[in-house]
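**Student:** everything below, folded, please.
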Amino acid sequence: GRVVMVQRYPQRKSVSRWLEYAIYFVLFTLLTNAFLGMWARLREGPEALGLASAEGDPITRFLLLGAYLLAISWGMGSLPKVVRLFLRAPLLVFLLAWTLASMAWSEAPDVSFRRVVAVILGTLAAAILVVRLNFWELLSLLAWVFLVSLGASFLVGVALPELGRAPEPRGEPWVGVFAQKNMLGRVALLGSLVFFWLLLRGRHRIFWGAALFLALFLLYKSESRTTQILFLVAILWMGTLVLAQRLRRVWPAYLAALVLLVGGAGVGLVANLETIAQLTGRDLTLTGRVPLWEIVWGYIQDRPLLGYGYGSFWLEETYGLAVSALAGWSVPHSHNGYLDLWLDLGLVGFGLGLLLLWGTLGYWWRAYMRTGAPEPLFWLVVWAFFFMYNFAESGFVRSNNLLWLLLAQMYLRRFAWSEAKGNGISQSWLGGVRRT
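**Tutor:** Numbering: from 1, shown residues only. Modelled structure (predicted):
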């Protein structure tokens, strides 16, 4: 087909466009838990690292609600496109509807309502971002969010070690401006992926190369074994995907699936516990996760179909204190996103969530195998991170959580991508040529 040259550098943006970016920047920063996490850690309140109270943190809720409403209000001009987008995504709508319905059997319906509203607002904001920003604009926005939080974490870790580090018996991991080291590791890992994609795009390579080095340095200094293992598996997964796309053979696809399954098992269950314990300096129960999962599974069996209602199980006022007493430590969640999803929404919600994951993987896999374009590959790598991360932490259908917003982005952007492909548009790594 004919080749249409697209302007290599974007046109000058208006003041209103920069203001829109600023709103999105604030929203993403709040969802990473940057700065707010450090503030919560300094307060040493119940929301910082341990059990959540039904009242929650009113200041955090106010800031997040304001950011959601600003982002959604700014995108109201694109409301017809957003509605059409949701009409094409009935599975996501059903999952949100079931989450809302779970208030009917929740033991803390007011808390469930508040958290369901946060999930719906986050999903709506994700849809608006799909409509308002293209792929490279989204990556640039995420890059600046991650760069600011990681840069601030580096400065705090160096200049104010009493604030930016958390001494432990095994060392002194960095936490930066976050509540704990795992949050810093998560943002450092995601930041490294975004910086790497922008580096490959070819613009400002020295700048994004330095940002990538910063992210990898903080990933190392966080001493978050989960995210460090995830990073290695993500690299293997990406390499296998590139090999599968270039060879167009069946065996690389099986190899990619094997990498993903082994990575998920390694992060969540750790098949060889003794070897991993020796390498990481951890105990054989994955820092108490295995006994916790056994306790949680017992509660799931009590209400397997409907669950306990969204966001109500881990409250001090419901079952949180009882589980913490059985586990022997203050437990904020299951440290497993799939178990938490089953606890909250029962087998029905769990099944809808898995279908959402499977549909997202299947679409972006086919898109990448057909085109080799950077966007499908990026979402496949992020998908693998999300899939494996939830074996050891919790980020599946979570209110005010960056991972849930990214999953909603993955699922909804497939429709924007398919529409663009239907119009004969494809993207190159440099973004300079599009074929129609």
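**Student:** neighbours around G202, how many?
**Tutor:** Using other C-beta atoms under 10 Å, G202 has 13 other residues around it. From N, CA and C alone the C-beta is placed, and that goes for glycine too.
**Student:** typed the wrong thing, it's T60
**Tutor:** 17.
**Student:** state whether it is indeed within a strand.
**Tutor:** No. Under DSSP: H, G, I helix; E, B strand; the rest coil, T60 falls outside any strand and is assigned helix.
**Student:** which non-adjacent residue is nearest it?
**Tutor:** Counting by C-beta to C-beta, 6 or more residues apart in numbering, T60 lies nearest to L36, which is 5.8 Å off, once chain neighbours are set aside.
**Student:** now do the contacts for that neighbour.
**Tutor:** Contact analysis of L36 by C-beta atoms under 8 Å, 6 or more residues apart in numbering lists L30, T60, L63.
**Student:** any idea which of the residues you listed is closest to A179?
**Tutor:** T60 (11.3 Å; C-beta to C-beta).
**Student:** residues touching that closest one, list them.
**Tutor:** Taking C-beta under 8 Å, 6+ apart, one finds L30, L36, A40, E47, N400 in contact with T60.
**Student:** before we move on, back to that, now the residue nearest to T60: how far from V111?
**Tutor:** Distance, L36 to V111, using C-beta to C-beta, to the nearest Å: 19 Å.
**Student:** again, but for L243
**Tutor:** 47 Å.
**Student:** coming back round to it: mind picking the two most distant members of the contacts of T60?
**Tutor:** Spanning the widest gap among those are L30 and E47, at 14.3 Å by C-beta to C-beta.
**Student:** ok, the contacts of L36 vs Q301, which is closest?
**Tutor:** Within the contacts of L36, proximity to Q301 (C-beta to C-beta) peaks at T60, which comes in at 33.6 Å.
**Student:** distance-wise, check that closest one relative to L216.
**Tutor:** 30 Å.
**Student:** before we move on, what about R61?
**Tutor:** Counting by C-beta to C-beta, the gap from R61 to L216 is 34 Å.
**Student:** settle it for me: which of these two has more neighbours?
**Tutor:** Set R61 next to L216 and count neighbours by other C-beta under 10 Å: L216 wins out with 17 against 14.
**Student:** name the helix or strand for the more buried one, please.
**Tutor:** According to DSSP states H and E, L216 maps onto helix 205-221.
**Student:** now that helix: buried residues?
**Tutor:** W208, A211, L212, L214, A215, L216, F217, L218, L219, K221 (16 or more other C-beta atoms under 10 Å).
**Student:** of the contacts of L36, which one scores lowest on pLDDT?
**Tutor:** Across those, the smallest pLDDT goes to T60, namely 82.
**Student:** let me see the mean pLDDT of stretch 348-356.
**Tutor:** Rounded mean pLDDT across stretch 348-356 is 96.
**Student:** let me fix that, I meant to ask about stretch 111-131.
**Tutor:** 95.
**Student:** buried residues of that stretch, list them for me.
**Tutor:** Per 16+ other C-beta under 10 Å, stretch 111-131 contains these buried residues: 111-116, 118-131.
**Student:** and the longest helix seen in the chain, what does it pack onto?
**Tutor:** For the chain, the longest helix by residue count, based on DSSP state H, is helix 337-371. The contact analysis (3 or more C-beta pairs under 8 Å, 6 or more residues apart in numbering; DSSP states H and E) places helix 337-371 against helix 90-101, helix 225-247, helix 289-302, helix 374-389, helix 402-422.
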